[in-house]
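[1] here is my input; please provide its structure:
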Amino acid sequence: MKQNIKAFLTVSAMALTLAVPFKAVANDEPVIASIVFQGDQFFKSLQQGIREGAEARGAEVLELNVDGDQAREAQAIDTYISRGVDAIVIAPLSATNSAGPLKRARAAGIKVIAVNGGLEDKSIANATFSTANYDLGASTGAAASGFIRSKLDGKAHVGILAFASLLPEQSGARTSGFKREASRDNSITVVTEQDAWMPEKAVQVATDMLTANPEINILFAANEGGTVGAMQAVRNAGKAGKVFVFGIDGSEQLARGLMSSDNVLQATTAQSAKEMGVMGANSALDLIQGKGVQTEVSVPALLLSRNDKAGITSFVQSLK
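    Have a look, this model is predicted:
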């Protein structure tokens, strides 16, 4: 039995080793591990920024998406520790549960940079780059508030697509910000709030919301996938011009939605994902070179509105 357990552990370790990009032993250039937890456009842009920022300064980048799996994130960090990377630039899956493995990385002398949200224990990350999640929701909520007053006589029935079961802290902050600002000088009723953060699931959930609650005239989605799904659900239901979508995050697909003549998507607040990635990579390399860095950096949010075509075009150009 002991031999079987030993064989199983050996095979498991080999499997993880094969799953995580390898650092060449003979390579003297700095090596940065880039870890995200989802594969949508935001995180692709984030990793692109990390890669471009690091490579511009002669560093190697190892990229990994843990697909929302906390155990896989922990295993990946431990594997990168054993391989001796110089820095880990990570979008933590949890402000609390990601702490343990990253603390081990710091203890091993690895620089830790948190992007897209930090850790509750501020002593772990050498530096943190983020856009306040409450501010993201508040930005979109303010846009919704003006729309509701001018187009819906100050009254709205709202359905919300969130991601509380994935990242409760981030999801809660975004939805709270939206609710508070959208309610200013308006009568807002939140009819239903459900989780759906990937496009396919969000289409289904939003469709069910609209079917069960025909009074809904505003859909708010707290991330890119939810916004894409909500937009498509309104179109599929033939409710363009009757139900209006507000979201968070920015991508070419959402930009096209804002430019579309169907008038479904009204506004979304984007994070500067690529810029955040570049800043994270530069901070990691500065630390590796013994330079001082700012420990907490707030990356401004960017409201993209159907009423600002020039702003949308400029944002799309920044993605290229």
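[2] least trustworthy helix or strand in this structure by mean pLDDT?
    In the chain, no helix or strand scores lower on mean pLDDT, DSSP states H and E than helix 2-19, which sits at a mean of 42.
[3] pLDDT at the residue lying closest to Asn213 once chain neighbours are set aside, what is it?
    Take Asn213 and drop its neighbours on the chain: the residue closest to it by C-beta to C-beta, 6 or more residues apart in numbering is Val191, 4.8 Å away. For every residue, glycine as well, the C-beta is placed using N, CA and C. Per-residue pLDDT puts Val191 at 98.
[4] which stretches of the protein have low pLDDT?
    Low-confidence segments of the chain, defined by pLDDT under 70: 1-27.
[5] can you pull the domain assignment for it?
    Listed by automatic domain parsing, the domain ranges of the chain are 2-131+273-289, 133-271+304-319.
[6] which of these sits closest to Val297?
    domain 2-131+273-289 (4.8 Å; C-beta to C-beta).
[7] run the chain-centre distance for that closest one.
    Here domain 2-131+273-289 is found 16 Å from its chain centre; the criterion is C-alpha atoms, centre = their mean, to the nearest Å.
[8] over to stretch 248-256?
    How far stretch 248-256 lies from its chain's middle: 13 Å, per C-alpha atoms, centre = their mean.
[9] what about it, how long is it end to end?
    15 Å (C-alpha to C-alpha, to the nearest Å).
[10] what lies in contact with it?
    40-42, 45, 136-137, 140, 174, 221-224, 227-228, 231, 247, 265, 268-271, 273, 302, 304, 312, 315-316, 319 (C-beta atoms under 8 Å, 6 or more residues apart in numbering).
[11] over to stretch 93-113?
    The contact list for stretch 93-113 (C-beta under 8 Å, 6+ apart) reads 37, 66, 68-70, 73-74, 77-78, 80-81, 85-90, 92, 117-121, 124-129, 167, 169, 280-281, 283-284, 287-288.
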